[in-house]
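Here is the input, now give the coordinates:
(4 chains)
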There are 2 protein chains.
Amino acid sequence: MKKVELSLPAEPLTLSDKLRRGDLLSAACPSRTVMKHITSRWGVLVLMVLDGETRRFSELRRLIDGVSERMLAQTLQWLEADGLVRRVAYEVVPPHVEYNLTPLGQQAAHKVRDLADWVESSIPEVVQHWNKASAS
Amino acid sequence: MKKVELSLPAEPLTLSDKLRRGDLLSAACPSRTVMKHITSRWGVLVLMVLDGETRRFSELRRLIDGVSERMLAQTLQWLEADGLVRRVAYEVVPPHVEYNLTPLGQQAAHKVRDLADWVESSIPEVVQHWNKASAS
DNA sequence: TGCTATACTTACATAAAGTAAGTACGTACA
DNA sequence: TGTACGTACTTACTTTATGTAAGTATAGCA
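Numbers count the residues shown, from 1 in each chain, chains lettered A, B, ... in the order given. Below you'll find the model as predicted:
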């Protein structure tokens, strides 16, 4: 079983420093993988919707317009493996599974929410730019 | 020439409200597209690197480990079209092109940087979770 | 009895991303 | 003078990721 090593930035750092921080600019750094999961098309929306709430799989599917069951399941598995999402399954038929955020996931969700809020509120300016550019 | 309309949330809003804010949860909302550009694999890194700096194409390519010229060009074109990145080309041979952020792009870059900082500093916890899970 | 709902997984089709090469011309170096 | 390298891209082709549709076991309701 292979343990993941953190990639080391250019400056000489102590071992504990290396364990302390990732570097998104280096391709081999595991932070790239985590960022990929969080900023994936559905990852962003899952974190938004789970922020402070517990939701069932089917609720998430309905709340997140356009997501397929396949991608929702995969996204949740990524986030669960990263320790951001907690999955609670009740052994009943038909199945009943609940999802919520871990403390770490909550932190991520706050950053994502800040970005999402900015995007949602800046949309008019971006759209204006689109229309201006296509008009010229 | 088709103008883009904003998708309307559930609550009844005035027309000016509709122009005011996007809704990432609805599939048809243009905020989905902008979010896609910003949170794309290379979009995040481009915004990070351009934060407060002017950079040439080749500098970006070297700073962002692993990016291909093809994807870097495409990502920059997306962000330029969204009004987040400004492109300045000098008509010389060999070519010389500079990129920097618009005020809107700076705002986006700040949010992205907050998220990136969190990911980079939270990596040890995530990796610990990976190793713990694979050990069991 | 038949229909709907649950939380997934699997096989297959499509879209996106990665890879490699080409471009036109300047500069550096031997 | 010839050769290699650097610039900012684009194009053709391959690989990977995503979307779509269908299948699963069983309970509740009409």
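
all contacts plus neighbour counts: C-alpha atoms, from now on.
Will do.

how close does A:Arg113 get to A:Gly22?
In this view, A:Arg113 and A:Gly22 are 22 Å apart by CA to CA, to the nearest Å.

Compare those two (neighbour count), which wins?
A:Gly22 (26 against 20; other CA atoms under 10 Å in any protein chain shown).

And that one, how close does it get to DNA strand D?
20 Å (CA to the nearest atom of the strand, to the nearest Å).

Surely that residue is in contact with B:Ile123?
Yes: between A:Gly22 and B:Ile123 there is a contact under CA atoms under 8 Å: 6.0 Å.

Quickly list what's touching both of those two.
A:30-31 (CA atoms under 8 Å, 6 or more residues apart in numbering or on different chains).

Averaged pLDDT, stretch A:32-51. What do you get?
Stretch A:32-51 shows a mean pLDDT of 98.

Who's the closest spatial neighbour of A:Glu53, skipping the chain neighbours?
Nearest residue to A:Glu53, sequence neighbours excluded (CA to CA, 6 or more residues apart in numbering or on different chains): A:Asn100, at 6.3 Å.

Would you agree A:Thr75 is in contact with A:Val34?
No: A:Thr75 is not in contact with A:Val34 according to CA under 8 Å; the separation is 11.7 Å.

any common contacting residues for the two?
Common neighbours of A:Thr75 and A:Val34 (CA under 8 Å, 6+ apart) do not exist.

Determine the three-state secondary structure at A:Gln107.
helix (DSSP: H, G, I helix; E, B strand; the rest coil).

and what of A:Tyr99?
Quick answer, by three-state DSSP: A:Tyr99 is strand.

interface residues of chain A facing DNA strand D?
Applying CA under 7 Å from any atom of the strand, one finds that chain A approaches DNA strand D through A:40-41, A:67-71, A:93-94.

Give me the number of neighbouring residues for A:Leu47.
28.

surely it meets A:Ala109?
Yes: between A:Leu47 and A:Ala109 there is a contact under CA under 8 Å: 5.2 Å.

measure the closest residue to A:Val126 other than its chain neighbours to DNA strand C for me?
Using CA to CA, 6+ apart and skipping residues adjacent in sequence, the residue nearest A:Val126 is B:Asp82, 5.4 Å away. Distance of B:Asp82 to DNA strand C, given as CA to the nearest atom of the strand: 16 Å.

any idea where the helices of chain A begin and end?
A:15-18, A:31-38, A:41-50, A:57-63, A:69-81, A:103-135 (DSSP state H).

Report the angle between the last one and helix A:69-81.
In other words, helix A:103-135. 130 degrees (axes from the mean of the first three to the mean of the last three CA atoms, to 10 degrees).
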